[in-house]
Every structure is written in C-alpha cells, then in structure tokens.
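Chemist: No letters, just coordinates:
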C-alpha cells in the first residue's frame, strides 16, 4: 500500500488513497500505521477520496482509531498533496470533511505549495464551565470548531500538567464524545502560546482546530483583535475571523516521505 507522510507544524499524518485500502478497516489501519514503535508513526491517518459535493474528500482517523470530523493541520497537507500530484489543478478549491465543506486557498512557489489558508467555518455551542482540576479551579470555555474543544487560559503553558488534565477531561462524563483541550498563555493581543491535548492522540506538537478554538474563546472574551499568531511546540499558525464570523486558519504544509506499507 502506497502512503505519504506529511505534517503541519509537526502535527503529522499518514496519507493514503481510498483505492489503496479498499475493503480494509480504516480504524484498524490507523492504529497499526500510527504506532511510532511498530508502524510508520503519526498522529493519525487521512484517507483521500473522491467527493460528490466538493473537489476532493478528507476522511480522518486519530492514532487510536477513532474518527475525527476535522483536522486543521491535516487539511492543509491534503490540499498540498492533491495539488502537487495534479489531482486538483487550481489554487482555490473545496474539500469535503465530516464537519462540512471547507474552502482552501494555496500559496504556491513554482509548483510547490508552501502555505495554505482554510476557511474553518463558524464556532458554535460556546459555553463556560468551572472545574476543580489538580486541586485548582479552572474556568473552561467549551466550543466547537469542526471538533469539540475545551479552552483554558493559563499564566504559563510550561507549568500545566497537560497529560493529566487533558486525559481527565477527554474521558469526563460531560463530554461523552471526548474533547480536545487547549491550554492558552496570552503573550499580547496578537500572540498566544498553546499546548494541546487531542482526543484520540494525546499531546501533539500542534492542532489546527485547537488554535482556532483558542482564538475564538479569547475573541469572545475581548482578549484579541481580529487575527492572532498561535505559537505551538511544532510551529506557528495564524487564525482570525472575518466579517461573516467565519474563522480562517493559515499555516505551513510539509511532505516528509513516501513509501510502501505492507498489509
């Protein structure tokens, strides 16, 4: 089975064509291939498929085999993949995801895609919750930006027990479908630092939908202007909001290597 490994800000995924895995259990493949000791190693599996509603379709699985609705870093990589392989021959097109159609715009140098902007849609279901975690009171902002997120603003992201708090919230009864947790340190009104616990994958170097969720939660509270830089362990993305309340995400897309996986 032919595959390509790609990443956006270090958030890495394995990309395969749907035709390559016909008849296979995608969830099982995601677990096997994502294993960093016995497989290729990644935060998940993304399957590229034809679409009746858009130019191309993205089917995404986390490294634990659970299906994700959307992936901000993964969709940028998919846009690069299909353009550079001439599966889609235009720099503005639409990608079908489980959370809806997402328009993308490619920033190209020659024939190489360097950065991609994605219209992530509007945030929804915003509400605030209070929890006692690790003996401390935390104010959480719950919202959905493609995926469900809990955003927590903290003084210093280095001091947060991301694995303990993140895994606890992921399995909390208040979130029966699981939840991603973002820990956000405000540097100024234009920049934040972010650490993320992704449901199904654990702490990752970056999370595109998480960056958007962090922005949306802070924007509603009046912390930010219309666009910010989000600094994560794996790199930096820009995210903001337009006059129609649509959140956008801009960042890199990188190909690491391709190969054959024996199944």
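Modeler: Now that the structure is in, tell me what you want to look at. Being a predicted model, the structure only gives us computed values, none of them experimental. Numbers count the residues shown, from 1 in each chain.

Chemist: which residues touch stretch 91-103?
Modeler: Stretch 91-103 has contacts (C-beta atoms under 8 Å, 6 or more residues apart in numbering) with 51, 53-60, 67-70, 75, 78-79, 83, 104-108, 118-121, 146-147. C-beta: built from backbone N, CA, C; applies to glycine.

Chemist: How far away from the center of its chain is it?
Modeler: In terms of C-alpha atoms, centre = their mean, to the nearest Å, the centre of stretch 91-103 is set 14 Å apart from its chain centre.

Chemist: What of stretch 244-255?
Modeler: Distance of stretch 244-255 from the chain centroid (C-alpha atoms, centre = their mean) equals 10 Å.

Chemist: Then stretch 205-219?
Modeler: Using C-alpha atoms, centre = their mean, the distance between the centre of stretch 205-219 and that of its chain works out at 9 Å.

Chemist: tell me the mean pLDDT for that stretch?
Modeler: Rounded to a whole number, the mean pLDDT of stretch 205-219 is 97.

Chemist: Then stretch 151-160?
Modeler: Throughout stretch 151-160, pLDDT has a mean value of 96.

Chemist: give me phi/psi at residue 203?
Modeler: Backbone torsions for residue 203, taken as degrees, to the nearest 10, come to phi -70, psi 130.

Chemist: ok, it - how many residues close by?
Modeler: 16 (other C-beta atoms under 10 Å).

Chemist: Outline the domain layout of this structure.
Modeler: Following automatic domain parsing, one gets these domains for the chain: 2-120+251-260, 124-245.

Chemist: Straight-line length of the first one, end to end?
Modeler: What it means is domain 2-120+251-260. With C-alpha to C-alpha, to the nearest Å applied, domain 2-120+251-260 spans 5 Å between its terminal residues.

Chemist: how distant is it from the center of its chain?
Modeler: Here domain 2-120+251-260 is found 11 Å from its chain centre; the criterion is C-alpha atoms, centre = their mean.
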